[in-house]
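> Have a look at this fold, sequence not included:
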């Protein structure tokens, strides 16, 4: 006799009811959904290919940040070597193998140890090797790893700020691998605006202008020979009408956009053109802008964004209250965008778009409907076949399949997992495996009946004997899916989640739900003949 | 009472006896597949190669030929245009891919060429780097998953069973990949899922049969290995076909009603389930014959006073 304890029956029923409760919001229409209590207002998170939206994969240009770091070490080393009068014939950054290294050729081999000390003093995370008079210094992998982690983390923060500013709802921003960031923007059809915003690092710096050098006007796209002077660099200022001014700027940064607390679009009171009003923080920024404006009072200074001069005006007064205005040759849109970028902060490294997928809302709706229809048809096909094969017992397994799909939806909802297209295929397989456990048991029961065992006995025997097989085959699948989840990415992970959940749930429905139903059925049919 | 019986009770098919033919068939299929994979190569989609896909609805029924020529002259590599669904619906694929700024420019060029009034249902851009990472990542994940399953089977059964199961899995995966190559089916990111589904179905199927063999090894200690494997296969045959049929029915529904994208995924899965079923019966189990399974042939003494 098949016996299922009362506790088990109650637990089973509770789980099934909870499953129905949490899967329910995913299938009702919007009006009903809005009337549901707050804790039920969660639906299955649909993948972008199902709901429409934009998927963008960005690569953080860590190489450029690394190069910058090397250059600054190099600058510092050059200064130190000159100060100590150590002679060298070569001092540069060279590419070697898959990385780059700082290389120094010394005139005197005996200076090597000193140079090593100098380099390690500038940056302790440097592997310095000496071969005769040649010195190579490589930034350690440990440092690069931590550095990369920090840069990508900071990038994600800035991206989040910028995307929030555009008003995109429910963006998902995830780190992927060592240098990738994946953006999921539901409902965004053409992400041109987002991409433009992310294409700018938006590093704002204030510099003094070297008054001993001249500003050089040129036509856009024209090659210009610029004079050279240590500590000074020529940067272009686009004044519109195809004319570019090359402004001699002191390399030393006097102030950065990091000390900003606010940026808003305003009007330049003198020209009537759009401008951006900025406010510096009370402690550091306000003091620095006051110092800078005092130093350059009635002199020219430059506001530089991403290597381009926005404008190079003259300080008319000392700015004591931390308020300033960025002027430039802006349109209203450009000024709005600049204000947004300054509010959101600058990116620690440039970003490159390496993958982009946009799905329009109509295609998304079509996919959802098709997926729903297909799942329902799959369910009916299997139901008819199972009932034809096993009669009333087939019907019991149909209940199990129904609960399987319901519980899978409930689990996906509660876990906040995303249902993707391959995930729908996973559901079909779940139907298959859910059936398999039942088939194994029923076939076993039939075998027992054939060798002359009474049906009631054969049923409990069938459960006992099939148990090991089901556990073995399901555990193999489960192990496989856990490994896939651990090492896979993107679609493989989504598939692994549905497969693992489906396997666990089918074990539950087989050994708790169907078993309880069959036990109940047998009690009611006690004196009648039962055919499996 | 009516019951559908796919396999009549008492079926006795000599699977192992015919295994020579099936091994030959299996090996031939695997060799052909491998040959196609190596010499013809896979028909990788832009997910792997990098490139652009546009799904658009044109304002009027377009002249595909002239559109192809126009897009061909834009300089973005090979152009493939497919009509699907309504006549105005086009899928345009461009195979060249660039990093960074080139992408936005390329998309703009295509949009300019197509003109105004076009509804863009889907635009995808994949850089070449992403694709190659996808391949290496998928291979890594699948390899580790196979090793883990092999270990589990080796622990739960014996190492011979693990080897046979993985041989069958290799057989399945090789043929599935081969089919993608032989019939010019596009191998995309979701196709990986089809291969994974096939593999997980096949391993499940194999384990069920192995389980029965293990049980029979304990029960029938005097039966020859060949007869024992045959017996186990016949005993489980009903279950094997039933489960395969229901799963295929479920996937068939996806193929028929799931829409274009799901259908493309369902077809290889359907074939995969058939191959997986074939390999569990005709490859994995008969292969055990050749791997010296340890058998405890000693008969447990039966108490004399029974009966």
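Thanks, I have the structure now. Note that this is a predicted model, so its numbers are computed, not measured. Residues are numbered from 1 along each chain as shown, chains lettered A, B, ... in the order given.

> Which helix runs longest in chain A?
helix A:455-487 (DSSP state H).

> any residue of that helix up close to chain B?
Yes - counting by Cβ under 8 Å from any Cβ of the partner chain, chain B has neighbours in helix A:455-487: A:468-469, A:472-477, A:479-484, A:486-487. In this view, the C-beta of every residue, glycine as well, is placed from N, C-alpha and C.

> Which of those residues has the largest number of neighbours?
residue A:481 (28 neighbours; other Cβ atoms under 10 Å in any protein chain shown).

> Please state the offset of stretch A:187-201 from the chain centre?
With Cα atoms, centre = their mean, to the nearest Å as the basis, stretch A:187-201 stands 15 Å off its chain's centre.

> which parts of it are buried?
Buried residues in stretch A:187-201, counted by 16 or more other Cβ atoms under 10 Å in any protein chain shown: A:188-189, A:191, A:194-195, A:197-201.

> one step back: and the longest helix of chain A, how far out from the chain middle?
36 Å.

> Would you point out the most distant pair within the buried residues of stretch A:187-201?
Of all pairs drawn from the buried residues of stretch A:187-201, the greatest distance, 26.1 Å, lies between A:189 and A:201 (Cβ to Cβ).

> quick one, what contacts the residue of the stretch 151-300 of chain A found nearest chain B?
At 6.7 Å from chain B, residue A:195 is the closest residue in the stretch 151-300 of chain A, using Cβ to the nearest Cβ. The contact partners of residue A:195, by Cβ atoms under 8 Å, 6 or more residues apart in numbering or on different chains, come to A:56, A:353, A:356, B:104.

> Please name the nearest non-neighbouring residue to the residue nearest the centre of chain A.
Chain A has residue A:174 as the residue nearest its centroid, 1.7 Å off, counting by Cα atoms, centre = their mean. In this structure, residue A:174 finds its nearest non-sequential neighbour in residue A:182, 4.8 Å apart by Cβ to Cβ, 6 or more residues apart in numbering or on different chains.

> can you confirm that neighbour is in a strand?
Yes - under DSSP: H, G, I helix; E, B strand; the rest coil, residue A:182 sits within a strand.

> how many neighbours does residue A:19 have?
The tally of other residues near residue A:19 (other Cβ under 10 Å) stands at 24.

> buried sites along the helix or strand hosting residue B:245?
Residue B:245 belongs to helix B:225-257 when elements are defined using DSSP states H and E. Buried residues in helix B:225-257, counted by 16+ other Cβ under 10 Å: B:228-240, B:242-255, B:257.

> Report pLDDT for the residue lying closest to residue A:199 once chain neighbours are set aside.
Excluding the flanking residues, the one nearest residue A:199 by Cβ to Cβ, 6+ apart is residue A:351, at 7.1 Å. Note for residue A:351: predicted pLDDT of 88.

> show me what contacts residue A:351?
Listed by Cβ under 8 Å, 6+ apart, the contact partners of residue A:351 are A:58-61, A:155, A:159, A:181, A:198-199.

> Beta-bridge partners for it, please?
residue A:60 (DSSP bridges).

> Check the spacing between it and residue B:265 real quick.
According to Cβ to Cβ, to the nearest Å, residue A:351 stands 32 Å off from residue B:265.

> same deal with residue A:438?
Note on residue A:438: its distance to residue B:265, by Cβ to Cβ, is 26 Å.

> the more surrounded of these two?
Higher neighbour count among residue A:438 and residue B:265: residue A:438, with 28 against 23, using other Cβ under 10 Å.

> shouldn't the more buried one be in contact with residue A:397?
Yes - counting by Cβ atoms under 8 Å, residue A:438 does reach residue A:397; the two are 3.9 Å apart.

> which residues are common contacts for these two?
A:386, A:390, A:514.

> Okay, and which of those residues map to strands?
Using DSSP state E to define strands, no part of the shared contacts of residue A:438 and residue A:397 is located there.

> Any of these buried? List them.
A:386, A:390, A:514.

> Quick check: closest non-adjacent residue to the second one.
So that's residue A:390. Nearest non-adjacent residue to residue A:390 (Cβ to Cβ, 6+ apart): residue A:442, at 5.5 Å.

> Before I go, just wanted to say thanks for your time.
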